[in-house]
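1. Provided below are the primary sequence and the corresponding predicted coordinates.
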Amino acid sequence: MNLTLLQEKKLAPIWEKKEPIKKQSLKLNGKPGGKRKRETTNFNLAFLFTNIIGALAKAILIVAFFYAVFSGYRFITHTPYFDINKINTTGIKHLSNEELNTWTGFLIGKNIFQLDLGKFSKKLATHPWIHTASVRRVFPQGINIKIKERIPFARIKLDKIHIMDNYGILLGPETSNLTKLPLITGIKAKNSMPGNNVADEEIIRGLKAMHNLNLLHMFKKNPIESMHIKSKSRIIFLTKNKNIRVYMRPGMIQESLKNLILVIDTIEKNEPNLKYIDLSFKNKVVISNQKKLKKTNKT
């Protein structure tokens, strides 16, 4: 019994001493912990505030930049200082500035920056007479237009006589200054609108043959100036003076020209009386003479 009491008396002070230590340690642990939390919170708020200010500053700068760009664009596209008042066009021979203005619309008075050069060039190139076109700005108020016209190559009779270039493109109705071009007849084209291509295989072969015939000496003074496509198997060429005809087959043009060259010396001797040359036979050239024809008519 006594031992038990003594042990209880010894344990009591120890327990009492340990309890204040626990409380003290709790207090000490609580105070530093609280200070650290406040410091961390203050640090996070300051960092966040700095980021917000930086982002706002960047946003203001971006808005200011785009506003300046927009204001500058508005100024240069509306100020009269950049209104077009001079157009320089080169390369036109058969067209006129009035025709071009009618085709594309008038440019005088329009802002030089608002003109879409690519679109304008494409619009020019759709004109039947224009092969290629390029446009450039000449600051502050000028436009340079460079045009390459199509080459008038022949006249072709459809619903009426049209001008055709060397690619077979219809350029428009016949004009008084182009009446000396070769004439093509016998064509049945469905669409005779300017800008359409009407050159079929017979026309291309016939034009090549006409060109080669006119290179020969016998046709220098009296060139072939018209071509009639009678059928797909027969082409008739007629000279300027309408006194000599040449017959060919479209599929035998090269062979026919070679045969003609072989006998051309003989033909030239009888040229004043020549009626026609028929080259539509294989390995044979048939010649008809005016005097012989007359003698035949008398009999």
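-> Ah, there it is.
2. from here on, contacts and neighbour counts on C-alpha atoms
-> Noted.
3. All the helices of the stretch 1-150 of the chain, in order from the start?
-> 2-78, 97-104, 117-125 (DSSP state H, counting those that start in this stretch).
4. Those: lowest mean pLDDT?
-> Note on these: lowest mean pLDDT is at helix 2-78, with a mean of 64.
5. Spatially nearest residue to the most centrally placed residue in the chain (excluding sequence neighbours)?
-> Centroid-nearest residue in the chain: K122, 5.5 Å away (criterion: C-alpha atoms, centre = their mean). Excluding the flanking residues, the one nearest K122 by C-alpha to C-alpha, 6 or more residues apart in numbering is A133, at 7.6 Å.
6. Might one say that that neighbour is in contact with A125?
-> Yes - counting by C-alpha atoms under 8 Å, A133 touches A125, with 5.8 Å between them.
7. If you count neighbours, what's buried in stretch 77-95?
-> For stretch 77-95, the buried set under the neighbour-count rule, 16 or more other C-alpha atoms under 10 Å, comprises 77, 82-84, 87, 92.
8. Low-confidence regions, the stretch 151-299 of the chain specifically.
-> For the stretch 151-299 of the chain, the stretches with pLDDT under 70 are 190, 291-299.
9. Helices along that one, start to end?
-> In the stretch 151-299 of the chain, the segments counted as helices under DSSP H, counting those that start in this stretch are 201-214, 253-262, 264-269, 290-298.
10. if we can go back for a sec, including distance to E201, could the buried residues of stretch 77-95 go into CSV?
-> Converted to CSV, those look like this (distance: C-alpha to C-alpha, whole Å):
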residue, distance to E201
T77, 52
F82, 51
D83, 50
I84, 47
I87, 41
I92, 30
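11. Looking at these, which two lie furthest apart in space?
-> Maximum pairwise distance in the buried residues of stretch 77-95, criterion C-alpha to C-alpha, is 30.3 Å, between T77 and I92.
12. what sits against I147?
-> Residues in contact with I147, defined by C-alpha atoms under 8 Å, 6 or more residues apart in numbering, are 89-92, 130-134.
13. Now do stretch 172-179: distance to the chain's middle.
-> 28 Å (C-alpha atoms, centre = their mean, to the nearest Å).
14. Can you give me the buried ones in that stretch?
-> Buried residues in stretch 172-179, counted by 16+ other C-alpha under 10 Å: 172-174.
15. Format the residues you listed as JSON lines; extra columns: distance to L260.
-> Shown next, in JSON lines, are the buried residues of stretch 172-179 (distance: C-alpha to C-alpha, whole Å):
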{"residue": "G172", "distance to L260": "36"}
{"residue": "P173", "distance to L260": "35"}
{"residue": "E174", "distance to L260": "33"}
